[in-house]
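Asks: the sequence and its predicted three-dimensional model are supplied below.
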Amino acid sequence: MHTCIDSDLSGLLDTHQPRSVLVVGPEIPAAVGAYKNSHPDCTITHLKVTASCNDLNDLGHYDLGIISEALERMDKSDAGRLIAGLRDLHTSRFYAVVPIGGHWPGQRSSWEPSDLIAYGMGLAGQYSDGEKALHLYKFDINDYKKTPDWFNADHWANPELWDKYRW
């Protein structure tokens, strides 16, 4: 893995201080191993890329999820189910290291920023490996969608005003 990504993952782990981490990928990133060494009470669960998305069904909820070297090694539909499962059931926040474009060896699916944004993820970092781009995307339910100003009791969404005004 790119050293800048490992450094950023270390910073994210220190910032969030998770007590449980789900890692999806062929191996556990060095940053996660270092975090585990300094926080022995943290539980690390490792799900290999070869595992099917059905293996998620047996897992509980984790403070943080990390996907690394996984999405590009899966069929796009399976990878999408993995992202949706982490987002909807198994984590409140997760990060995914994703190679952008179709120029990577061993790739079963290629990813573009719009693919990840469609899952509600946001860009957290950009890196390059020569001419190839690696991106770090995040999903955090706490900042996923802010309540708009108009959606409050002072405006049209106020049920108390339904019989008083004719729109």
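Replies: Cool, got the structure.
Asks: ok, what's across the strand from Y127?
Replies: On the basis of DSSP bridges, Y127 is bridged to L134.
Asks: correct me if wrong: it contacts L136.
Replies: Yes: counting by CB atoms under 8 Å, Y127 does reach L136; the two are 7.4 Å apart. C-beta coordinates here come from the backbone N, C-alpha and C atoms, glycine included.
Asks: which of these two has more neighbours?
Replies: Between Y127 and L136, counted using other CB atoms under 10 Å, the more crowded position is L136 (21 against 18).
Asks: is it true that the more buried one lies in a helix?
Replies: No: per DSSP: H, G, I helix; E, B strand; the rest coil, L136 lies outside any helix segment and is strand.
Asks: can you pull out the low-pLDDT segments for this protein?
Replies: Residues of the chain meeting the criterion pLDDT under 70: 1-3, 50-54, 145, 147-162, 165-167.
Asks: just so I have it, where are all the helices in it?
Replies: Assigned by DSSP state H, the chain shows helices spanning 3-16, 30-38, 76-85, 113-117.
Asks: deepest of the ones you listed, which one?
Replies: helix 76-85 (a mean of 18; mean count of other CB atoms under 10 Å).
Asks: gap between that one and the chain center?
Replies: Centre-to-centre, helix 76-85 and its host chain are 11 Å apart (CA atoms, centre = their mean, to the nearest Å).
Asks: what's in contact with that helix?
Replies: By CB atoms under 8 Å, 6 or more residues apart in numbering, the residues outside helix 76-85 that reach it are 24, 52-53, 56, 67, 70-72, 74, 96, 109, 115-116, 119, 121, 139.
Asks: out of those residues, which is nearest to H90?
Replies: Nearest to H90 among the contacts of helix 76-85 is L56, at 6.2 Å by CB to CB.
Asks: ok, that closest one touching L89?
Replies: Yes: applying CB under 8 Å as the test, L56 and L89 come out as touching, 7.4 Å apart.
Asks: the more surrounded of those two?
Replies: Using other CB under 10 Å as the criterion, L56 and L89 rank with L56 on top: 18 against 12.
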